[in-house]
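Chemist: predicted model and sequence below, questions to follow.
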Amino acid sequence: MGPSPDDSGVVPLGSVLDGRYRVDAVLGKGGMGRVYKGEHTGIGRAVAIKVLHPDLGRNKEAAARFQREALASGRLDHPNIVGVSDFGVMEDGSLYLVMEALEGEGLGARLERERRVPWPDAADIMRQVLAGLRHAHDKGVVHRDIKPDNIFLANKDGERIVKILDFGIAKLYAGSGDDPAMTRAGLTVGTPAYLSPEQAVGGEIKPASDLYSLSVVFYEALAGRAPFEDKDPLQIMTAHVSRDVPSFAEVAPDLRVPPALETLIRKGLEKMQADRFASANEYLSALDNVLRDAGIAIAPRGSGSVSIPPTMTPTHGSPIATPMPFSSRSGTSAPTSAFTPAPFPRRSLEVRAATDPSGAHEPIPKKWLWIAGIVFGLAIAIAIALKVNGGSAPAKPQPRARHSEAAPPPTTPPPPAAKPATAPAEASAPAGSAAPVDATLERDTELKAALHDLEDSTTCTDRRAAIAKLVALGDQRAILPLRRARYRMEGGVLGFNEHNSNACLKADAEAAIKALGGTIR
């Protein structure tokens with residue numbers, strides 16, 4: 001067996017554990033130990049090695065938790081659950097766990113940086129976590145500590161794979177009475193901000209508890225905060241048991257998501273287990289229905305188990321890293337945000353235009369809209385003048401279309417000045433056409449409104465919301481405005497010292513262009 005850690009719990013770099021695992025670098029550290037980057041010397045595979053502090057290794061409760069993680073993980077084999085391949089004891093009694101090495105960042109780190117995740121992207125992250133939980137629950141394992149820091153966004157072979165981490169307090173609820181992973185009743189475990197009501201009062205914990213905690217994470221990813229916040233953990237736990245969950249309108253008035261999505265999350269946050277989703281599979285099916293109703297196609301990956309969404313805010317650069325699952329954003333351990341995020345390309349959640357799948361049409365240049373508006377105004381003025389000269393009362397003109405709306409190009413030349421123009425009420429629609437009340441017009445109206453918000457909104461938050469709406473609509477006519485929206489140059493003199501006031505949403509806009517099937521120019 002290789003060198004054991006010294007009194008500070010540090011494993012010497014270059015040492016070989018158990019004759020098989022070479023320790024190469026420190027990836028992270030926390031209150032219970034450290035995680036090292038290593039390699040299986042026999043097959044040359046990169047691994048992550050989690051080592052418990054020597055003092056904790058001699059602590060029965062800490063050692064039992066570590067062994068529970070190994071035992072629970074040993075039952076599980078799923079793409080959305082971090083793989084654990086080995087477990088051992090060093091010469092001094094210290095325990096170690098060998099896991100697959102991951103490249104990417106934790107969801108907790110992403111939320112610390114961005115505060116919110118665009119709803120289609122957040123929905124896909126939750127889909128993958130639900131797929132992992134479905135497998136764990138089918139194997140009789142309840143995680144009991146689902147939170148952002150235990151959800152890792154891994155980059156593997158150019159695709160994003162979401163991994164559930166840290167089964168250290170998992171309960172094998174389908175095990176026997178003498179199962180070492182069974183925990184005693186009445187014990188409150190987990191992180192207060194994400195506890196289910198039954199966990200807060202020490203009640204019976206079942207798979208529905210994980211679904212509640214995941215719904216808290218889903219809520220936070222969209223709204224930028226958890227449903228209940230307080231400096232006192234006891235107050236948060238009390239809120240989970242007795243307080244109503246605030247609506248998105250209360251905590252994030254600018255958030256725009258499908259109403260059905262908020263309804264789904266609130267069902268996952270019901271106080272009584274029986275009122276929540278019966279299983280992770282039922283939750284997943286309901287979420288897929290919301291995505292389909294929003295016009296988002298779910299294209300399965302090779303195995304058909306998960307899909308990869310459009311990433312609205314790409315990130316750059318990433319070393320191989322496995323997060324330190326000992327830490328917690330609300331605790332005292334070291335944060336996982338030290339790991340550099342990796343880029344996650346869009347692969348599977350495909351957004352396509354409903355009425356124009358070819359994407360051949362692009363918005364009209366703004367100068368054409370100005371010219372069309374001027375011609376339209378002149379035509380109205382001439383029509384009024386002719387009616388006044390003929391003794392009839394002038395008709396009230398229709399308001400001019402705003403230049404930011406992506407109106408279709410005129411297909412016929414404007415009427416000549418000598419010929420009486422069509423009455424304003426008739427000019428608003430082609431002659432002989434029926435009232436445009438079909439779904440296509442409604443979709444076009446939504447597109448115009450989103451384009452207007454993209455161009456005229458005063459805050460980055462509102463413009464980002466417009467980008468998310470354009471992705472959800474899936475209309476490729478939005479590609480050109482999205483290209484223009486990457487830059488809004490302001491300030492400076494004669495072009496010098498200008499700054500891009502839209503730099504805050506440049507990455508979102510480029511990701512949206514790719515999601516709509518366009519290219520970055």
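Modeler: Right, received. Where do you want to start?

Chemist: so what's the residue count around the residue nearest to residue 490 when sequence neighbours are not counted?
Modeler: Nearest non-adjacent residue to residue 490, counting by C-beta to C-beta, 6 or more residues apart in numbering: residue 501, 5.0 Å away. Every residue, glycine included, has its C-beta placed from N, CA and C. Neighbours of residue 501 under the rule other C-beta atoms under 10 Å: 13.

Chemist: go on, residue 141?
Modeler: Residue 141 has 27 nearby residues by other C-beta under 10 Å.

Chemist: Three-state assignment for residue 271, please.
Modeler: What DSSP: H, G, I helix; E, B strand; the rest coil gives for residue 271 is coil.

Chemist: please name the nearest non-neighbouring residue to it.
Modeler: With C-beta to C-beta, 6+ apart as the criterion, residue 271 has its nearest non-adjacent residue at 5.0 Å, and that residue is residue 197.

Chemist: that neighbour reaches residue 275, doesn't it?
Modeler: No: between residue 197 and residue 275 there is no contact under C-beta atoms under 8 Å: 10.8 Å.

Chemist: more crowded one of the two?
Modeler: residue 197 (20 against 11).

Chemist: identify the residues contacting that one.
Modeler: Applying C-beta atoms under 8 Å, 6 or more residues apart in numbering to residue 197 gives the contacts 203, 212, 240-241, 271-272.

Chemist: again, only this time at 10 Å
Modeler: Residue 197 makes contacts with 203, 209, 212, 237-242, 269-273, as judged by C-beta atoms under 10 Å, 6 or more residues apart in numbering.

Chemist: residue 116 too?
Modeler: Neighbour list for residue 116: 110, 122, 220-225, 252, 255, 312-313, 461, 464-465, 468 [criterion: C-beta under 10 Å, 6+ apart].

Chemist: and the residue nearest to residue 271, how close does it get to residue 234?
Modeler: Separation of residue 197 from residue 234 (C-beta to C-beta, to the nearest Å): 14 Å.

Chemist: could you do residue 118 as well?
Modeler: Going from residue 118 to residue 234 by C-beta to C-beta gives 34 Å.

Chemist: neighbour count winner among these two?
Modeler: Neighbour totals were compared for residue 118 and residue 234, and residue 118 leads with 27 against 10 (other C-beta under 10 Å).

Chemist: pretty sure the more buried one is touching residue 470, no?
Modeler: No: Residue 118 is beyond contact range of residue 470, at 11.0 Å (criterion: C-beta atoms under 10 Å).

Chemist: okay, and the common contacts of these two?
Modeler: With contacts taken as C-beta under 10 Å, 6+ apart, the residues that reach both residue 118 and residue 470 are 512, 515.

Chemist: who touches the nearest residue to residue 130 once chain neighbours are set aside in this structure?
Modeler: Nearest non-adjacent residue to residue 130, counting by C-beta to C-beta, 6+ apart: residue 284, 4.4 Å away. Applying C-beta under 10 Å, 6+ apart to residue 284 gives the contacts 126-131, 133-134, 277, 306.

Chemist: for residue 458, same thing?
Modeler: Residues near residue 458 by C-beta under 10 Å, 6+ apart: none.

Chemist: and if you look at the one 10 residues further on?
Modeler: The neighbourhood of residue 468, defined by C-beta under 10 Å, 6+ apart, consists of 116, 118-121, 255-257, 310, 312, 450, 508, 512.

Chemist: what about it, distance to residue 204?
Modeler: Distance, residue 468 to residue 204, using C-beta to C-beta: 39 Å.

Chemist: which stretches of the stretch 201-350 of the chain aren't confidently modelled?
Modeler: Scanning the stretch 201-350 of the chain with the threshold set as pLDDT under 70 gives 299-350.

Chemist: residue boundaries of the strands in it?
Modeler: For the stretch 201-350 of the chain, the strands defined by DSSP state E, counting those that start in this stretch occupy 296-298, 349-351.

Chemist: elements contacting the first one?
Modeler: Right, the one you point to is strand 296-298. Other helices and strands packing on strand 296-298, by 3 or more C-beta pairs under 10 Å, 6 or more residues apart in numbering; DSSP states H and E, are helix 119-138, helix 280-293, strand 349-351.

Chemist: what strands line up against that strand, and which way round?
Modeler: The strands that strand 296-298 pairs with in its sheet are strand 349-351 (antiparallel) (by DSSP bridges).

Chemist: so where is the stretch 401-521 of the chain shaky, pLDDT-wise?
Modeler: Using pLDDT under 70, the stretch 401-521 of the chain drops low at 401-438, 491-498.
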